[in-house]
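> A structural model of the following input is requested.
(chains A and B)
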Amino acid sequence: MTTAATVKKSAPFEAKPLGQRLLASGCINSRQLDDALAAQSSVDPSEINHLVGRTLVSLGHLTSARLRSCLVKFFTDECREYRDNPSVPAILSMKGVEKRLDGRVVLDGIDLDIPEQRITAIIGISGGGKSVTLKHLVGLMRPDQGVISLNGKNLVTLSPSELQKVRRRFSLLFQGGALFDSLNVFDNVAFPLRETTSIPETEIHKRVMNSLEEVNLAGMEMKFPDELSGGMNKRAALARALITRPEIILLDEPTAGLDPIIENAIHHLICDTFMRTRTTMVIISHSVPSIFKWCHHVIVLHQGKVRASGPALAIQESLDPVIRQFIHGDVDGPIHVL
Amino acid sequence: MLTPIQRLGFLSLAFVRETGRMFIFLVQTVVSIPRQPWRWHNLLKQIHFMGMRSMFVIALTSIFAGMVLALQGFYTLSRFGSEALLGPAVALSMIRELGPVLSGLMITGRAGSAMAAELGIMRIREQIDALEVMGVPPIHFLAVPRFLAGLVVLPMLTVIFDVIGIFGGYLVAVQLLGLSAGTYLGGIESAVSMHDISTGLIKAFCFGIVITWICSFKGFYARRGAEGVSHATTSAVVLSSVLILVSDYFITAIML
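Numbers count the residues shown, from 1 in each chain, chains lettered A, B, ... in the order given. Okay, the predicted model is just below:
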């Protein structure tokens, strides 16, 4: 296991394009990849990696299930590589962050690093400061003390207008989705594009429909949030979080309150999105131990402090009694709940 | 356990803090008005909600207010043989006082409460936080259209209230009590000046500020779930209503 301090500044991770990885792993042959690339000849070059999987499925060269299993395999391989070599530059950091709310210490000198182009999970018992940490990372809360930096730039000292610009590099999937009740699914997903960009409406329409298709909500665009199930609501919120192609996506309990099948589907969706976009993601999750399978890096928060931080596979094997109790969900142990 | 003195100090500090936050919110709203992009659609939606959808309530309230004013006024004035002054009495009461005040109170009850509840629900469901994270300033997006709508709608509804109220008085005075139409209307024409009309409109404009400012603020900073929203809505309506009556006195005193 490594500590937060071992996430060092180094060259950013270079992943092979998805089509090349599918070819190298034997999921497809070179003729099928050529077909897919030819079918994407009219696609914007930056979109080719993003859309190649879907194109292969639409051409019948790959089933959706096969594509999903290939992506999970690639992701698992990456997580193993990350365990052996966790030297990845940190895009976001917190140093000595303290926060009191209503006189109670919620964050007690948090030091953490979020590795770039990796999925990081923040776990810990309820009330341990996970959501507050997430709100600090995106600038929704200001710490009483400490530094929060994005690519070395201190977010705490930014003016409101500077912070507003910086926030456009983030997306946050709220625990309850936070979709606007007065807008339908299409308008909710289109909202950040309409409000923060000057993209023409025809392009917005195309991107929203693509985004809804990616989260399996095609045909649901005219529904209002109160007409959607919990899982659909989360997926619509995920589509809205992804539509602006942010550099960092923060997800606050994306699977809370969902059944195991939908929970698994959301995890697949996150993995799929990551493999296509390689966006830095931070997930707060209570889905322990399953979350260890879906992230590279894990940060364990306990009593307002970072208890452990490091590659997911290393943390999972930790002998720390607090972490063992949390992973196994034991009632008895160092964490007193009863 | 707090002593009475400590409690008084605590309440005083809380009052000063809340008042300060309210004024900061007002300044932030006013400063955000000229900022682009201008969201005309949001503004029109709010004008429709506060104005068009309040028309029925305003019409109903104003006609009965005018009718009861004429009825009471007639019996009072007839004691002094001054029934001819009924038209001016109804019109001046409506234009200078009842029109803006009752319109303000009715809009507070109908639109202000809905505004506080809507923003409160947006707050507790993290939709306001979502706006901030998307880089959309929530005050500019949510408070400014409501504030501008209040400035436009209140004077317009007040004019409508005045006209319907005077017509209500006409119905009672002329159709029920037998006063001649010429006496009722002619008196109004000679007694009502532009100063009276502008006083009423200035009051309506100020009440528009008060209602949208207080109700937006209370909704914007609602806390602690459904109970918090209910508390925010109640306090928005109570505080707006009280401030309408208090500011009415001061505006009247200044403009007399």
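> Only C-alpha atoms from now on, for both contacts and neighbour counts.
OK.
> Now stretch A:93-104: buried residues?
A:93, A:94, A:96, A:97, A:98, A:99 (16 or more other CA atoms under 10 Å in any protein chain shown).
> Looking at those residues, which are in strands?
A:93, A:94, A:96, A:97, A:98, A:99 (DSSP state E).
> and the gap between the fifth one and chain B?
In this structure, residue A:98 and chain B are separated by 21 Å, where distance is defined by CA to the nearest CA, to the nearest Å.
> Show me the beta-bridge partners of that residue.
Legend: beta-bridge partners of residue A:98 under DSSP bridges are residue A:108, residue A:145.
> From residue A:283, how far off is it?
Using CA to CA, to the nearest Å, one gets 21 Å for the distance from residue A:98 to residue A:283.
> Is residue B:170 located within a helix, as I assumed?
Yes. Per DSSP: H, G, I helix; E, B strand; the rest coil, residue B:170 lies within a helix segment.
> How about it: what's its closest non-neighbour residue?
Computed as CA to CA, 6 or more residues apart in numbering or on different chains, the closest residue to residue B:170 that is not its neighbour in sequence is residue B:184, at 7.0 Å.
> For the stretch 1-150 of chain A, which residues are neighbours of chain B?
A:138, A:140 (CA under 8 Å from any CA of the partner chain).
> repeat that for 10 Å
A:135, A:138, A:139, A:140 (CA under 10 Å from any CA of the partner chain).
> Contact partners for the first one?
Residue A:135 sits next to A:129, A:141, A:142, A:172, A:250, A:252, B:129, B:133 when contact means CA atoms under 10 Å, 6 or more residues apart in numbering or on different chains.
> Now tell me which of the residues you listed the prediction trusts least.
pLDDT across the contacts of residue A:135 is at its lowest for residue A:129, which sits at 81.
> Show the model's pLDDT score for residue A:42.
68.
> nope, residue B:136 is what I was after
86.
> Residue B:122 too?
91.
> Against which helices or strands is the host helix or strand of residue A:236 packed?
Applying DSSP states H and E as the criterion places residue A:236 in helix A:230-242. Packed against helix A:230-242 by the contact rule (3 or more CA pairs under 10 Å, 6 or more residues apart in numbering or on different chains; DSSP states H and E) you find strand A:170-173, helix A:185-196, helix A:201-214, strand A:248-252, helix A:260-277.
> switch to 8 Å and redo it
The contact analysis (3 or more CA pairs under 8 Å, 6 or more residues apart in numbering or on different chains; DSSP states H and E) places helix A:230-242 against strand A:170-173, helix A:185-196, helix A:201-214.
> pLDDT on the longest one, on average?
In this model, helix A:201-214 carries a mean pLDDT of 87.
> With just CA atoms, put it into PDB.
Output of helix A:201-214 as PDB, limited to C-alpha atoms (Å, rounded to 0.1, in the frame of the first residue of the first chain):
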ATOM      1  CA  GLU A 201     -28.600  24.200 -31.400                       C
ATOM      2  CA  THR A 202     -28.300  21.500 -34.100                       C
ATOM      3  CA  GLU A 203     -24.900  20.400 -32.700                       C
ATOM      4  CA  ILE A 204     -26.300  20.400 -29.100                       C
ATOM      5  CA  HIS A 205     -29.200  18.200 -30.300                       C
ATOM      6  CA  LYS A 206     -26.800  15.800 -31.800                       C
ATOM      7  CA  ARG A 207     -24.600  15.700 -28.800                       C
ATOM      8  CA  VAL A 208     -27.500  15.300 -26.300                       C
ATOM      9  CA  MET A 209     -29.000  12.400 -28.400                       C
ATOM     10  CA  ASN A 210     -25.500  10.700 -28.500                       C
ATOM     11  CA  SER A 211     -25.100  11.200 -24.800                       C
ATOM     12  CA  LEU A 212     -28.500   9.800 -24.000                       C
ATOM     13  CA  GLU A 213     -27.800   6.800 -26.200                       C
ATOM     14  CA  GLU A 214     -24.500   6.200 -24.300                       C
END
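> any idea how far it is from the chain center?
The chain centroid and the centroid of helix A:201-214 are separated by 21 Å under CA atoms, centre = their mean, to the nearest Å.
> ok, and what's touching that helix?
A:186, A:189, A:190, A:193, A:194, A:218, A:221, A:236, A:239, A:242, A:243 (CA atoms under 8 Å, 6 or more residues apart in numbering or on different chains).
> Distance of residue B:216 relative to chain A?
From residue B:216 to chain A the distance is 17 Å (CA to the nearest CA).
> which strands and helices sit next to the helix or strand containing that residue?
Using DSSP H and E, residue B:216 sits within helix B:194-220. Contact analysis of helix B:194-220 by 3+ CA pairs under 8 Å, 6+ apart lists helix B:4-32, helix B:99-107, helix B:113-124, helix B:144-170, helix B:225-255 as its packing neighbours.
> Out of the ones you listed, which is closest to residue A:83?
Among the helices and strands packed on helix B:194-220, the nearest to residue A:83 by CA to CA is helix B:113-124 (39.4 Å).
> what about the closest residue to residue A:266 other than its chain neighbours, which helix or strand?
Excluding its sequence neighbours, the residue lying closest to residue A:266 (CA to CA, 6+ apart) is residue A:255, at 6.9 Å. Using DSSP H and E, residue A:255 maps to neither a helix nor a strand.
> gap between residue A:255 and residue A:228?
15 Å.
> Show me which of the two is the more surrounded one.
Each of residue A:255 and residue A:228 has its neighbours counted (other CA atoms under 10 Å in any protein chain shown); residue A:255 has more, 23 against 14.
> isn't the more buried one right up against residue A:265?
No. When contacts are counted by CA atoms under 8 Å, residue A:255 is not listed as touching residue A:265 (9.4 Å).
> so how many other residues sit close to residue 56?
All of this is about chain A. 22.
> hm, I was asking about chain B
11.
> again with residue A:206
When neighbours are counted by other CA under 10 Å, residue A:206 comes out with 10.
> before we move on, what about residue A:23?
15.
> Give me the nearest residue to it, chain neighbours excluded.
Residue A:23's closest residue in space is residue A:29 (CA to CA, 6+ apart), at 5.8 Å.
> Could you check how far that neighbour is from residue A:22?
For residue A:29 relative to residue A:22 (CA to CA), the value is 8 Å.
> swap in residue A:35?
Taking CA to CA, one finds residue A:35 at 14 Å from residue A:22.
> So these two - more neighbours on which side?
residue A:22 (21 against 15).
> Okay, and that one sits in which element?
With DSSP H and E as the criterion, the answer for residue A:22 is helix A:18-24.
> what does that helix contact?
A:28, A:29, A:30, A:33, A:49, A:52, A:53, A:70, A:275, A:276.
> from those residues, which is closest to chain B?
Closest approach between the contacts of helix A:18-24 and chain B, by CA to the nearest CA: residue A:276, at 22.2 Å.
> and residue 89, how many neighbours does it have?
I went with chain A, as the question did not name one. Residue A:89: 21 neighbours (other CA under 10 Å).
> I was thinking of chain B, sorry if that wasn't clear
Neighbours of residue B:89 using other CA under 10 Å come to 23.
> In the contacts of helix A:201-214, find the pair that's most separated.
A:194 and A:218 (20.1 Å).
> Sounds good, over and out.
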